[in-house]
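>>> Got a predicted structure here, sequence first:
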Amino acid sequence: MNSFYQTDIAANIMEAIAKEKKDMKVLNVMLLGKTGVGKSTLINNLFNERLAETGIGKPVTQDIRRYEKEGFPLVVYDTPGFELGGENAMNRLLDSVNSEIKKGYKSFDIEKSIHCILYCVSATSHRFEDIEVNFIKKFLDENKDVNIPVIIVITQALSKKDASELKSCIEAENLGVTQVIPVLAEDYEIDENTVIKANGLDNLADVIYEVIPEALKKTYVAVQKASLNLKVKKSHAIVVGAAASAAATGAVPIPIADAFVLVPEQVAMIASITNVFGFSLEKSAITAIVSATLGTAGTTVAGKTVVSSILKLIPGAGSVAGGAISGAVAAALTAALGEAYIGVMMAVAKGKLKIGDLSTSKGKKFITDAFKKALKLKRDSKGEPIEDAKDSKKE
Ligand SMILES: Nc1nc2c(ncn2[C@@H]2O[C@H](COP(=O)(O)OP(=O)(O)OP(=O)(O)O)[C@@H](O)[C@H]2O)c(=O)[nH]1
Ligand SMILES: [Mg+2]
């Protein structure tokens with residue numbers, strides 16, 4: 001593929017990434033809980049940006065601080081612990097929180113509403129105090145009509161036993177919260193030989209996904225980093241959609257010279273998957289991905305053009321007749337590209353590949369191999385892989 005097409009496609013993808021990012025609705029999460037229970041640590045490990053460190057918390061009211069970062073569609077409302085000030089402090093915080101919530105509710109603007117509350121209790125405290133029970137009860141009672149999901153997060157869950165005892169104890173209060181979830185947000189080092197691994201964050205991340213409003217789910221999947229599973233599921237749905245539309249609308253990648261040029265559906269697919277993973281990629285990385293898949297995947301096959309060597313890998317594709325390819329082949333090609341791209345994003349998310357590696361020969365080989373493997377799968381007319389007869393018999 002000549003470099004003009006590659007940079008052109010990369011520029012289109014970059015533009016689509018930026019546009020989609022800009023259009024993402026802002027997710028608002030509120031933190032509650034005593035001083036030092038691990039609210040900031042939780043937020044820093046749950047989301048892609050360490051907001052509690054880098055963000056400048058702006059005071060919203062005397063009690064509530066707002067953390068956000070330009071270009072990142074998440075706002076975290078942080079509140080102080082009320083444990084030292086007793087009943088008065090509790091009521092004051094309750095008033096501030098309630099009025100903040102009402103303000104959003106009355107605005108009829110989903111981006112100004114609080115979408116989820118994380119109430120943090122430390123597992124190391126072994127108890128859930130009456131004042132906290134009262135706070136949550138009053139809060140839920142006063143916000144019945146707003147119906148905000150409240151998740152109680154048992155933070156600093158170093159011991160499974162302690163955490164589960166505290167969980168039972170909280171659940172016995174029948175508060176009407178969404179769920180009680182133990183979490184150790186960061187590895188905890190007891191001594192240099194003993195480290196308790198962080199755990200529970202993926203479960204918390206999945207539960208938050210279930211309870212937030214539909215309109216914010218896309219943002220949430222992108223800004224959270226604790227559940228790779230959510231990202232993979234969402235990415236597969238994007239690929240299936242793009243492949244189906246390629247099959248149905250005849251949105252086929254166009255072979256030009258000896259390479260394919262992506263049509264808007266494939267450009268949008270790559271952009272959306274990039275945003276699901278929440279990475280910011282340089283144009284050079286995108287160019288590398290395009291060239292390692294649709295551009296040069298077949299150049300090692302002597303004497304063949306790229307187009308026919310790619311098509312040769314797709315079961316049943318035959319060859320290009322007069323520059324046209326069938327809907328099923330377009331779907332297979334789209335799906336293979338999407339799946340290979342998910343593989344690359346996963347490798348980056350798991351630390352097996354660095355973003356900087358993508359434009360090196362190591363990265364390109366990784367991408368090319370993933371693409372070729374995906375091309376070789378047998379697929380139905382919508383581009384979805386058909387399971388091997390042997391595999392389906394097992395069930
Ligand atoms: N290793 C480890 N340390 C934690 C964890 N959660 C909290 N901590 C530690 O506990 C201390 C308090 O945590 P923060 O996240 O600052 O608590 P906070 O609730 O934001 O505190 P305030 O903002 O002061 O109310 C810090 O020293 C954290 O490093 C965790 O999951 N793992
Ligand atoms: Mg804090």
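Yes, it's here. Ligands and ions are numbered 1, 2, ... in the order given.
>>> For residue 178, give me its contacts.
When contacts are counted by CB atoms under 8 Å, 6 or more residues apart in numbering, residue 178 touches 149-151, 207, 211. (C-beta placed from N, C-alpha, C; glycine too.)
>>> Write out the residues of this structure neighbouring ligand 2.
Contacts of the chain with ligand 2, taken as CB under 5 Å from the ion, map to 39-40.
>>> before we move on, the earlier item: just the buried members of the contacts of residue 178?
149-151, 207 (16 or more other CB atoms under 10 Å).
>>> Spell out, range by range, the strands that occur in this protein.
27-33, 58-59, 65-69, 72-78, 116-122, 150-155, 179-182, 188-191, 194-196, 254-256, 259-261 (DSSP state E).
>>> where's the residue of the stretch 251-395 of the chain found nearest ligand 1 relative to residue 203, distance?
Ranking the residues of the stretch 251-395 of the chain by distance to ligand 1 (CB to the nearest ligand atom) places residue 351 first, at 19.7 Å. Distance of residue 351 to residue 203, given as CB to CB, to the nearest Å: 21 Å.
>>> out of the two, which sits in the more crowded spot?
residue 203 (15 against 7; other CB atoms under 10 Å).
>>> what about the nearest residue to the more buried one once chain neighbours are set aside, distance to ligand 2?
In space, and not counting its chain neighbours, residue 203 is closest to residue 181: 6.2 Å by CB to CB, 6 or more residues apart in numbering. Distance of residue 181 to ligand 2, given as CB to the ion, to the nearest Å: 19 Å.
>>> Next: residue 329.
Residue 329 is 54 Å from ligand 2, by CB to the ion.
>>> what do you get for residue 134?
23 Å.
>>> count of neighbours near that residue?
14.
>>> and it, what does it touch?
residue 90.
>>> Widest-spaced pair of the buried ones among the contacts of residue 178?
Farthest apart among those by CB to CB are 150 and 207. That separation is 11.6 Å.
>>> I'd say residue 175 and residue 137 touch.
Yes - the pair residue 175 / residue 137 is scored as a contact, 6.3 Å apart, by CB atoms under 8 Å.
>>> neighbour count winner among those two?
residue 175 (19 against 14).
>>> need the residues of the protein near ligand 1, please.
Taking CB under 6 Å from any ligand atom as the contact definition, the chain meets ligand 1 at 35-41, 81, 155-156, 184-186, 188.
>>> so what pLDDT did residue 276 get?
Looking at residue 276, its pLDDT stands at 97.
>>> Against residue 238, how distant is it?
Taking CB to CB, one finds residue 276 at 7 Å from residue 238.
>>> Show me this structure divided up by domain.
Using automatic domain parsing, the domains assigned to the chain come out as 26-223, 227-393.
>>> In terms of mean pLDDT, which of those ranks lowest?
domain 227-393 (a mean of 79).
>>> Quick check: the gap between residue 165 and residue 171.
Separation of residue 165 from residue 171 (CB to CB): 11 Å.
>>> do residue 18 as well
Taking CB to CB, one finds residue 18 at 45 Å from residue 171.
>>> With residue 196 instead?
Counting by CB to CB - residue 196 and residue 171 are separated by 24 Å.
>>> for residue 223, same thing?
29 Å.
>>> What's the local residue count around the closest residue to ligand 2 within the stretch 1-150 of the chain?
Relative to ligand 2, the nearest point of the stretch 1-150 of the chain is residue 40 (3.3 Å; CB to the ion). Counted with other CB under 10 Å, the neighbours of residue 40 add up to 20.
>>> didn't it look like it was pressed against residue 52?
Yes - with contacts counted by CB under 8 Å, residue 40 reaches residue 52, the gap being 3.6 Å.
>>> anything in contact with each of those two?
residue 78.
>>> Buried residues in stretch 129-143, which are they?
131-132, 135-136, 139-140, 143.
>>> ok, those residues vs ligand 1, which is closest?
residue 132 (13.6 Å).
>>> residues contacting that closest one?
Neighbours of residue 132 in contact, by CB under 8 Å, 6+ apart: 34, 119, 121.
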